[in-house]
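Chemist: this one's structure only:
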């Protein structure tokens, strides 16, 4: 894959999979806006039965914090993909790969410990969305 295509792919993935997701979770701190976050939480804590939501204050503040961090991480990845990757692809890759792997190991391990293998599986797909283009990038 060309550097330009990898940059575009990573920016789009950041926008739709991190920035939008993070914004959605941050908005879930306000109960009337928690519908999509509730559905996601219910999905990753399978089965989908409406039992798992972000309805408590502790859950709402957790998704607000996690949403803000996810959104910020997405913006950081967008910036690396748009500002650094076109000029120094190897440095951009050297910054992104450890960031992605550290998130993956911690988030997936914590998800399994929390009883959510579904989220760990989703993490594999998200990791691949970012790492595969970086590995296929032509020098």
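Modeler: That came through, no problem. These numbers were taken from a predicted model, which means no experiment stands behind them.
Chemist: just give the number of residues close to residue 118.
Modeler: If you count neighbours by other C-beta atoms under 10 Å, residue 118 ends up with 14. For every residue, glycine as well, the C-beta is placed using N, CA and C.
Chemist: what sits against the nearest residue to it once chain neighbours are set aside?
Modeler: Closest residue in space to residue 118, ignoring its immediate chain neighbours: residue 44 at 4.6 Å, by C-beta to C-beta, 6 or more residues apart in numbering. Residue 44 is in contact with 111, 116, 118-119, 122, counting by C-beta atoms under 8 Å, 6 or more residues apart in numbering.
Chemist: ChimeraX command to pick out the buried ones of these?
Modeler: Those of the contacts of residue 44 that count as buried under 16 or more other C-beta atoms under 10 Å are selected in ChimeraX with:
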select :111,116,119,122
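Chemist: redo the contacts of residue 44 as JSON lines? Include distance to residue 25 and secondary structure.
Modeler: Shown next, in JSON lines, are those (distance: C-beta to C-beta, whole Å; DSSP: H, G, I helix; E, B strand; the rest coil):
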{"residue": "111", "distance to residue 25": "15", "secondary structure": "helix"}
{"residue": "116", "distance to residue 25": "15", "secondary structure": "coil"}
{"residue": "118", "distance to residue 25": "16", "secondary structure": "helix"}
{"residue": "119", "distance to residue 25": "13", "secondary structure": "helix"}
{"residue": "122", "distance to residue 25": "14", "secondary structure": "helix"}
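Chemist: nearest to residue 92 among the contacts of residue 44?
Modeler: Lowest distance from residue 92 to the contacts of residue 44 (C-beta to C-beta) belongs to residue 122, with 24.7 Å.
Chemist: which pLDDT value goes with the closest one?
Modeler: pLDDT for residue 122: 97.
Chemist: now it. Nearest residue, chain neighbours left out?
Modeler: Per C-beta to C-beta, 6+ apart, closest to residue 122 is residue 44, 7.0 Å.
Chemist: who are the packing partners of the one helix or strand residue 106 maps to?
Modeler: According to DSSP states H and E, residue 106 maps onto helix 89-113. Helices and strands touching helix 89-113, by 3 or more C-beta pairs under 8 Å, 6 or more residues apart in numbering; DSSP states H and E, are helix 3-13, helix 57-79, helix 117-136.
Chemist: nothing else from me, thank you.
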